[in-house]
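K.L.:
Just the structure for this:
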Amino acid sequence: MSNAQLPPADFYATLPRVLAAAGALFRDPGGRVLLVQPTYRTDTWLLPGGAMDPGEYPWETARREVREEIGLALQPGRLLGVDWVPAQDDGRPPLIHFIFDGGTLTETDAEHSVRLPPDELTAWRLCAPTECDTLLLPRVARRIQACVAALRTGQTAYLQHGWSRRAPSG
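P.N.:
Alright, predicted model coming up:
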């Protein structure tokens, strides 16, 4: 029996599993990006965001994760980028990551408003684009740089493992 002849539930069980996540890119008036430092990683900082819950849409995930991680009520703006991360050598399945525009947040506003859950995040900071390469995993730095560029161009970045990919013409 081919996969196409299986009952729907059995057929769906043969398909690959993919994780999905969403987050938001906040920046201050000077162009610095808001990053958070997770308790569960020491190798990188991240944008506020996280895994999608079952039945949740990416936009809803970004809104929920921003509220949970930094305590801000956000109505995410436009989609800045989508990043496809292939399966990792450590067994992680592929990931699709949606990044939405979080808007502008001054350092003073952040100091008064950002509230971190101590069991999940240890710090936040505003990062100049030139600092991304030293604070972030290379693919995360590329993702953020592409989303910053998307703010300037009005385009949405389509990424693969943080690398920009252009749609073929024709």
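K.L.:
Mean confidence (pLDDT) on stretch 78-85, please.
P.N.:
Mean pLDDT, computed over stretch 78-85, is 97.
K.L.:
what ranges do the helices span in the chain?
P.N.:
When assigned using DSSP state H, the helices of the chain occupy the ranges 8-14, 58-70, 107-113, 132-135, 138-153.
K.L.:
For R78, which of those is the nearest?
P.N.:
Among the helices of the chain, the nearest to R78 by Cβ to Cβ is helix 138-153 (8.7 Å). Any C-beta I mention is one placed from the backbone N, CA and C, and that applies to glycine too.
K.L.:
And that closest one, what's buried?
P.N.:
Residues R139, V140, A141, R142, R143, I144, Q145, A146, C147, V148, A150, L151 are the ones in helix 138-153 that count as buried (16 or more other Cβ atoms under 10 Å).
K.L.:
of those, closest to F100?
P.N.:
Nearest to F100 among the buried residues of helix 138-153: C147, at 9.1 Å, using Cβ to Cβ.
K.L.:
and the gap between the residue nearest to that closest one when sequence neighbours are not counted and P54?
P.N.:
Nearest in space to C147, with sequence neighbours left out and distances taken as Cβ to Cβ, 6 or more residues apart in numbering, is L80 at 4.1 Å. Distance check for L80 against P54: by Cβ to Cβ, to the nearest Å, it reads 25 Å.
K.L.:
First-to-last residue distance for stretch 90-100?
P.N.:
With Cα to Cα, to the nearest Å applied, stretch 90-100 spans 28 Å between its terminal residues.
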